[in-house]
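**Student:** predicted model and sequence below, questions to follow.
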Amino acid sequence: MEITKPRVALLASPGMGHLIPVLELGKRLVIQNNHHATIFVVANDTSSEQLSKLVNSPDYDILDIVLLPCIDISGIVGTDASLVTQIAVMMHESIPALRSTISAMKYRPTALIVDLFGTEAMAVADEFEMLKYMFIASNAWFVAVTIYAPALDKKVLQEEHVNQKKPLKIPGCSAVRFEDTLEAFLDPYGPMYDGFLQVGMDMSKADGILVNTWEDLESKTLAALRDFNMLRRVAKAPVYPVGPLARSVASSPVSGSHVVLDWLDKQPHESVIYVSFGSGGTLSSKQTMELAWGLEQSKQRFIWVVRPPLDHDVFDSYLTAGSGALNTAEGALDYHYLPEGFLIRTRDVGLVVPMWAPQPEILAHPSVGGFLTHCGWNSTMESIVNGVPMIVWPLYAEQKMNATMLTEELGVAIRSKEVPSEKSVVGRGEIEMMVWRIVAEKQGHAIRNRVKELKHSAQKALINGGSSYNSLSKIAHECENSLQFTQEKAEGA
């Protein structure tokens with residue numbers, strides 16, 4: 001039987017930050033290009049209730065979603081292993097299940113798309129003679145750094161970037177300041193850096209690199225990635241900006257009325273600051289206290305998604321984030337870590353939500369006028385596509401790079417003078433000032449206008465004939481040609 005449309009498989013790493021853009025990419029391939037998409041999800045044994053709600057959302061009925069067997073890595077890595085190591089081991093251990101599942105499929109996929117942590121699975125694509133692509137759920141600047149890393153001299157990197165704290169120069173792109181650098185670069189001779197180098201080398205082996213950005217957002221960096229004299233000589237694989245890939249209101253795991261949305265319906269236009277640090281972001285006890293005081297002193301309306309503070313590595317909650325999430329209508333957590341009387345004093349202007357809130361619906365609501373965010377790229381995309389200006393508060397991974405891009409290059413956000421970290425605390429006075437500037441002051445007018453311009457730019461990129469629409473169509477055309485070649489080969493055998 002002849003297959004008339006390509007079947008594409010996509011592999012998502014553990015964590016909502018990896019899964020959401022993969023689901024959106026699969027949905028785009030189905031709707032825009034009439035492909036069949038199968039999403040392979042690598043889950044851990046502490047995956048949250050939100051994961052189940054997300055993959056079972058009616059908006060993703062057009063996808064075949066396959067949950068690979070849960071991976072228990074407790075006997076392989078210690079509890080002190082970094083998040084990167086944990087995810088890498090989980091992805092490695094999932095390869096046999098992925099291979100056997102693809103082998104048993106009646107109609108094997110034409111192409112396999114893997115994310116940042118799934119490069120090892122490209123060998124499976126080679127085994128089954130499939131096209132292989134990488135999908136980077138972050139931006140082109142991060143792609144450029146990753147691709148260029150193998151070309152760096154470790155000694156020079158250690159001496160100039162780490163010891164002397166000089167910016168890391170990337171041909172044709174903005175340099176990465178030391179204070180914004182990735183954790184892997186802090187130890188060029190460590191295992192995390194070696195793993196990062198491997199990803200950079202694997203990128204060049206792919207048939208293409210898909211990136212969650214669009215042409216007008218990062219034209220300079222994308223030009224460098226296409227220029228042989230800049231980065232193409234090391235990138236080799238073509239880069240396709242296909243973004244923004246962000247959850248729509250329909251694909252968010254919430255249905256019907258929600259206490260947060262009901263509250264927002266009663267608030268004035270663009271008057272509310274939304275505060276959330278992503279699916280796994282947490283703050284220290286002291287910083288949580290200062291944030292509470294800053295919000296209260298600002299006297300502005302707010303929604304704050306609160307998690308119990310952690311006074312250790314913020315990565316620790318990433319894989320278990322969302323487990324035990326509560327709707328505020330069902331009960332509240334013990335808020336002993338907030339200032340005494342805070343909930344009572346702010347009840348007329350603020351709403352504290354434990355653990356989880358329907359972010360796409362919140363950012364799309366006309367009452368929201370600002371977003372205090374950890375700068376995860378998913379949250380960034382959701383904010384921009386809804387025209388919401390940001391207060392950036394990076395926590396880990398490439399979020400510091402994202403924060404710099406949003407404030408200094410794109411002009412859609414502001415940030416504190418003190419860089420948030422485990423060793424420093426942003427004071428209540430500065431938090432109050434930032435909230436005021438974004439939501440209430442005339443000084444924030446330019447920022448609010450700029451983010452609305454980017455919202456329209458994003459919409460333009462996705463429509464028929466737009467830059468991202470055309471990029472994804474090129475991938476689809478390659479899959480169609482590969483399918484036709486395979487069928488002709490089979491007929492001639």
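**Tutor:** Yep, that arrived. Numbering: from 1, shown residues only.
**Student:** Lys205 and Met105, how far apart?
**Tutor:** Distance, Lys205 to Met105, using CB to CB, to the nearest Å: 24 Å. For glycine as for every other residue, the C-beta is placed from the backbone atoms N, C-alpha and C.
**Student:** gap between the nearest residue to Val306 once chain neighbours are set aside and Lys474?
**Tutor:** In space, and not counting its chain neighbours, Val306 is closest to Val352: 5.5 Å by CB to CB, 6 or more residues apart in numbering. The gap separating Val352 from Lys474 is 46 Å, by CB to CB.
**Student:** and what of Leu112?
**Tutor:** Distance from Leu112 to Lys474, by CB to CB: 17 Å.
**Student:** ok, these two, which is more surrounded?
**Tutor:** Leu112 (27 against 13; other CB atoms under 10 Å).
**Student:** so the more buried one: helix, strand or coil?
**Tutor:** strand (DSSP: H, G, I helix; E, B strand; the rest coil).
**Student:** so where's the chain uncertain?
**Tutor:** In the predicted model, the chain carries pLDDT under 70 at residues 1-3, 45-48, 250-257, 311-333, 493.
**Student:** skipping adjacent residues, who's closest to Arg247 in space?
**Tutor:** Excluding the flanking residues, the one nearest Arg247 by CB to CB, 6+ apart is Pro360, at 4.5 Å.
**Student:** surely that neighbour and Val249 touch.
**Tutor:** Yes - the pair Pro360 / Val249 is scored as a contact, 5.2 Å apart, by CB atoms under 8 Å.
**Student:** settle it for me: which of the two has more neighbours?
**Tutor:** Pro360 (20 against 15).
**Student:** what separation do you get for the more buried one and Asn212?
**Tutor:** 16 Å.
**Student:** what do you get for Ile76?
**Tutor:** 30 Å.
**Student:** more crowded one of these two?
**Tutor:** Per other CB under 10 Å, whichever of Ile76 and Asn212 has more neighbours is Asn212, with 26 against 14.
**Student:** helix, strand or coil for the closest residue to the more buried one other than its chain neighbours?
**Tutor:** Leaving aside its sequence neighbours, Asn212 sits nearest to Gly243 (CB to CB, 6+ apart; 4.0 Å). Taking three-state DSSP as the rule, one finds Gly243 in the coil state.
**Student:** so what's the nearest residue to Thr101 once chain neighbours are set aside bridging to?
**Tutor:** In space, and not counting its chain neighbours, Thr101 is closest to Val66: 6.4 Å by CB to CB, 6+ apart. Under DSSP bridges, the beta-bridge partners of Val66 are Phe40.
**Student:** who are the contact partners of Val66?
**Tutor:** By CB atoms under 8 Å, 6 or more residues apart in numbering, the residues touching Val66 are 38-41, 101.
**Student:** got these as CSV, with distance to Tyr469 columns?
**Tutor:** Formatted as CSV, these follow (distance: CB to CB, whole Å):
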residue, distance to Tyr469
Thr38, 22
Ile39, 21
Phe40, 25
Val41, 26
Thr101, 31
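**Student:** just the strands from this structure, written as ranges.
**Tutor:** Ranges of strands within the chain are 7-12, 36-44, 64-71, 111-114, 131-136, 208-211, 239-241, 272-276, 301-306, 350-354, 368-373, 390-392, 413-415, based on DSSP state E.
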